[in-house]
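S.K.: structure, please.
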Amino acid sequence: MEKAIMAQYKVIAATTFGLEAVAAQEVKDLGFRDVTVENGKVMFATDEAGICRANLWIRSADRIRIQIAGFKATTFDELFEKTKAIPWADWLPQDAEFPVEGKSVKSTLFSVSDCQAIVKKAIVESLKRTYKIDWFEETGPLFRIEISILKDMATLTLDSSGTGLHRRGYKTLIGRAPLRETMAAALILLSKWRPDTVLVDPFCGSGTIPIEAALIGMNIAPGMNRNFACEQWSWIPKEIWRLARTETHDLANYDQELQVIGSDIDNEVLKVARENAADAFTDDKIHFQTLPLSSLSSQKKYGKIICNPPYGERIGEQAEINQLYKEMGRIFQKLDTWSYYILTSHPDFEALFSRQASKKRKLYNGNIRVDFYQYYGPRPPRRRTDENR
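M.R.: The predicted structure follows:
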């Protein structure tokens, strides 16, 4: 397959509901342009190098998709013909593996399986025109295609990420009630934590929040140590990928001093956390300790607590969770100059915590509707620079 290098692509960073603004800020901070936001996605324009950098650097998005086409489709014939008209050979080599996934919301074409089958058939018919063969073995690089129909508007995209972006490559071991890496990173970004500030997670479990904080603190690209589907695409030159990966090493600050602490009452799960931190090359930046909530304290005047405590989703756990949240209120209040950021699905959290949040944000942790309760402490005094002394 020969494909001319295109100047710009329309790229979509797919996100969990509620994290669109976080991902949009990341996209802007990376220097991408024409950024727009819709439910569950952030769209921007970029080139091949930008596709590589988006996969490597964006911490809070689930996937990086490339938009191939968008059009209205209210009949299966319309969906077939408009899909077939796309020059798919510009995107897919003759040996491409191209499974089709789909979703349909508030649309005339509501049968997802039928839409997937029709799109697959249309792509095959398009490829036949170019490659002059009737059967495609699909033994080559992966090009996962999605047909998404919203209010009769069809969007066809290629998934450039492959495995979801939350798969950083370090979490080979998972503890109880795991928090996705993308969500953990988003919570830290929402807290506006800085590397010179102490960060404590008193319910750290398998270590996701402390590890993501260490990666952020050292400016380590979350995708540095994993692979992506589009690395095998011939129309993204290997040299572009080499340069993108070199940049991740050049910009990492491995010498950054950090004060990141993860504690948990379960010593076994902390063993998992330590192994995960070692796999992420952050174990020398995080202090893990077995500690009950009642022993939480700090001599630091300012700091941030970011945590994902148990929700009590199982039957019979509610009384125990209620007591836990009351204890959190009492213990956290002792750190009265700190800020706290707490993710939970409990509808009465503020009453149990005995304090109304400064701000709360509706999110989804997997399929669980949760709120991110943000309690702002006093702003630390500004550090004087050498020039101002």
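S.K.: where do the domain boundaries of this protein fall?
M.R.: The chain is divided into the following domains under automatic domain parsing: 9-159, 181-223+253-388.
S.K.: how long is the shortest one end to end?
M.R.: Start and end residues of domain 9-159 are separated by 13 Å (Cα to Cα, to the nearest Å).
S.K.: please renumber the chain so that the first residue is 793 from this point on.
M.R.: Okay, using 793 as the starting number, the last item reads as domain 801-951.
S.K.: could you give the separation of that domain from the chain centroid?
M.R.: 18 Å (Cα atoms, centre = their mean, to the nearest Å).
S.K.: rewinding a little: closest to Lys963 out of the domains of the chain?
M.R.: Set against Lys963 and scored by Cβ to Cβ, those come closest in domain 973-1015+1045-1180, at 5.3 Å. For every residue, glycine as well, the C-beta is placed using N, CA and C.
S.K.: please enumerate the strands of the stretch 843-992 of the chain.
M.R.: Listed in chain order, the strands of the stretch 843-992 of the chain (DSSP state E, counting those that start in this stretch) span 855-864, 892-897, 936-942, 945-951, 990-993.
S.K.: if we can go back for a sec, comparing the domains of the chain by mean pLDDT, which bottoms out?
M.R.: Among those, domain 973-1015+1045-1180 carries the lowest mean pLDDT, a mean of 94.
S.K.: picking that back up, of the strands of the stretch 843-992 of the chain, flag the one that's most buried.
M.R.: Mean neighbour counts were compared across these using mean count of other Cβ atoms under 10 Å; the top stretch is strand 990-993, at a mean of 25.
S.K.: I would like the residues contacting that one, please.
M.R.: The contact list for strand 990-993, computed with Cβ atoms under 8 Å, 6 or more residues apart in numbering, reads 980, 985, 1001-1002, 1005, 1051-1055, 1088, 1090, 1092, 1094-1100.
S.K.: how about stretch 812-829?
M.R.: Outside stretch 812-829, the residues that touch it by Cβ under 8 Å, 6+ apart are 803, 805, 807, 830-838, 842, 845-846, 849-853, 978, 981-982.
S.K.: where does Ala799 land on pLDDT?
M.R.: 57.
S.K.: just Arg968 next, same as before
M.R.: Arg968 is assigned 58 on the pLDDT scale.
S.K.: count of neighbours near Ser905?
M.R.: 8 (other Cβ atoms under 10 Å).
S.K.: who does the closest residue in space to it that isn't next to it in sequence bridge with?
M.R.: Closest residue to Ser905 apart from its sequence neighbours, by Cβ to Cβ, 6 or more residues apart in numbering: Gly894 at 7.7 Å. Beta-bridge pairing of Gly894 under DSSP bridges involves Ile939.
S.K.: is it true that Gly894 touches Ser940?
M.R.: Yes. Assessed by Cβ atoms under 8 Å, Gly894 is found in contact with Ser940 at 7.0 Å.
S.K.: re the thing from before, and the strands of the stretch 843-992 of the chain as a markdown table, adding distance to Ser903?
M.R.: Shown next, in a markdown table, are these (distance: least, Cβ to Cβ, whole Å):
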| stretch | distance to Ser903 |
| --- | --- |
| strand 855-864 | 17 |
| strand 892-897 | 7 |
| strand 936-942 | 10 |
| strand 945-951 | 14 |
| strand 990-993 | 44 |
